[in-house]
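>>> build me a model:
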Amino acid sequence: MRQFRFGVNLLGIQGDFFEQVRTADDAGVDVLMVPDHLRLIAPFPALAAAGQVSSRMRLGHFVLNAGFYNHALLARDCATTDTLTGGRLEIGLGAGYVADEFAAAGLPFPSAGKRVARLVETVEYLRTTLSDEAYSPAPLQSPPPIMVAGVGDKVLTLAAHQADIVALSAVPDEEFLAERIDFVRAAAGDRFDQLELNLIIFELAADREPDLAGLRQMRPGATDEELRNSMNALCGSFDEIVAKVTRLREEFGVTYFTVIAPGPETFADLARLIAAVR
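Coordinates of the predicted model:
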């Protein structure tokens, strides 16, 4: 059984980014991540800078919008960032979903099918290019692992075939989680045991009232109780949260949890959780 890993996704728009990196490091976080949205922190310079603050944490994207990037330039940025951070990069990729951001970047907003096709091309290009010893914008010790995020059939098929990490982005309940993991298992075949399964956590609140705003954006019609019980939330007593992550590992094989935009209370809860399950 895999060991637990915990990540945080820092938006870089509130407070001191470097102080947040230090707080994550002190909390025992395994992977520090940044998103890829306009008007938020730029992913590659942010990770390179974070790598100078922490020499321990791995550094990743949660997640890059494949539609924003030329393949060759993206490979160059990944290779350089991996080298500058001592081989600690983890590449996160998604299909992109915010039409206004494509427009603001001067890019057409393709159909969902075409965005997924672009994601497939991007993963295949990076997998091939960054594994090629002759590729030399910067020398790599080994290719960075690739995470693919989503819940749809096409994206999860890509993740099952090509990724190292599968991030499940919107999971309302255990029944849905079990079905999606079964789908990945069937698509992955013999390589399923090599895959690391990740859940995005929009709210972590131990022994206090949770803020359900982020979860409600995904499921505006859900009740508060349904949102608290979502697989993308860790709410309730501290013992209940420890029991939930332990059960998710034992029953479903989910071992990697990424908390979105943690504030001071969330960081404190996360540090406590990490210490409890290690």
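
>>> ok, Ala187 - how many residues close by?
If you count neighbours by other CB atoms under 10 Å, Ala187 ends up with 16. The way it works is simple: take the backbone N, C-alpha and C, and place the C-beta from them, glycine included.

>>> correct me, but it touches Ala163?
No - using CB atoms under 8 Å, Ala187 makes no contact with Ala163, being 11.0 Å away.

>>> give me the distance between His37 and Gly12.
His37 sits 10 Å away from Gly12, going by CB to CB, to the nearest Å.

>>> of the two, which one has the most company?
Gly12 (19 against 15).

>>> what's near enough to touch the more buried one?
By CB atoms under 8 Å, 6 or more residues apart in numbering, Gly12 lies in contact with 34, 40-41, 46.

>>> next, it: secondary structure please.
coil (DSSP: H, G, I helix; E, B strand; the rest coil).

>>> tell me the spatial nearest neighbour of Phe252, not counting adjacent residues.
Closest residue in space to Phe252, ignoring its immediate chain neighbours: Ile181 at 5.6 Å, by CB to CB, 6 or more residues apart in numbering.

>>> show residues contacting the one helix or strand that neighbour maps to.
Under the criterion of DSSP states H and E, Ile181 resides in helix 174-188. Outside helix 174-188, the residues that touch it by CB under 8 Å, 6+ apart are 151, 153, 156-157, 159-161, 166, 168, 171, 192, 195, 197, 231, 252-254.

>>> need the next SSE after that helix, C-terminal direction.
strand 196-201.

>>> okay, the angle between that next one and helix 174-188?
If you take axes from the mean of the first three to the mean of the last three CA atoms, to 10 degrees, strand 196-201 sits at 150 degrees to helix 174-188.

>>> determine the set of other helices and strands touching strand 196-201.
strand 146-149, strand 165-168, strand 254-260 (3 or more CB pairs under 8 Å, 6 or more residues apart in numbering; DSSP states H and E).

>>> so what secondary structure elements neighbour the longest one?
This means strand 254-260. strand 5-9, strand 165-168, strand 196-201.

>>> CA atoms of the helix or strand that that strand is followed by as CSV?
Using DSSP H and E, the helix or strand that follows strand 254-260 in sequence is helix 264-277. Output of helix 264-277 as CSV, limited to C-alpha atoms (Å, rounded to 0.1, in the frame of the first residue of the first chain):
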residue,chain,number,x,y,z
PRO,A,264,-3.9,29.6,8.6
GLU,A,265,-6.6,27.4,10.2
THR,A,266,-6.5,25.0,7.3
PHE,A,267,-2.7,24.8,7.4
ALA,A,268,-2.9,24.0,11.2
ASP,A,269,-5.5,21.2,10.5
LEU,A,270,-3.3,19.9,7.7
ALA,A,271,-0.2,19.8,9.8
ARG,A,272,-2.1,17.9,12.5
LEU,A,273,-3.5,15.4,9.9
ILE,A,274,-0.1,14.8,8.4
ALA,A,275,1.4,14.1,11.7
ALA,A,276,-1.4,11.7,12.7
VAL,A,277,-1.3,9.5,9.6
